[in-house]
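>>> Attaching a predicted model along with its sequence, questions to come.
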Amino acid sequence: MDLKEYSSNSLSFIGDAVFTLRVRQYFVENHYQASASLQRKCNGYNSANGQTRVFRRLEEEGFFSEEELEVYKRGRNHITHIPKNGDRLTYECASGLEAVCGYLYLHDPDRLEEFFAKVFEGGPDNE
């Protein structure tokens, strides 16, 4: 797959869906059953702030390859709309992480599994 075949918007779009589903799967498989608890725990990962925490932790650990960081930068630079209650840097970072997730989903399923293993090392509270 040539990275340039997909727009950063497309990678972020599919990455958002994959990331959300995998986070929900993680909490269901770890026996969180009450809907309020599930929602709260999932939001700790699926929100822009949660995704930014994930990205910063993995980047600090040197997890991402050069190619993945290129995808991240493309996704980060694509942001055009920032919700009223957010800030630009957080939403850019979250969009970049979603782009990486989408890229891995389409390009490298084994690496995607490594990615999610590292994501969930933050524990149920994404720390």
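Perfect, I can see it now. Numbers count the residues shown, from 1 in each chain.
>>> SS state for residue 64?
coil (DSSP: H, G, I helix; E, B strand; the rest coil).
>>> so how far is residue 20 from it?
20 Å (CB to CB, to the nearest Å). Yep, even glycine has a C-beta here, placed from its N, CA and C like the rest.
>>> repeat for residue 115
Residue 115 sits 14 Å away from residue 20, going by CB to CB.
>>> Of the two, give the one with the bigger neighbour count.
residue 115 (24 against 15; other CB atoms under 10 Å).
>>> which helices and strands does the helix or strand where the more buried one lies pack with?
According to DSSP states H and E, residue 115 maps onto helix 109-119. Packing contacts for helix 109-119, counted by 3 or more CB pairs under 8 Å, 6 or more residues apart in numbering; DSSP states H and E, involve helix 8-29, helix 48-60, helix 88-107.
>>> How about the contacts made by residue 54?
Taking CB atoms under 8 Å, 6 or more residues apart in numbering as the criterion, residue 54 is in contact with 45, 97, 119, 122, 126.
>>> Count the neighbours of the nearest residue to the first one once chain neighbours are set aside for me.
In space, and not counting its chain neighbours, residue 45 is closest to residue 23: 4.4 Å by CB to CB, 6 or more residues apart in numbering. Residue neighbour count, defined by other CB under 10 Å, stands at 23 for residue 23.
>>> May I have the predicted confidence score for residue 23?
Looking at residue 23, its pLDDT reads 96.
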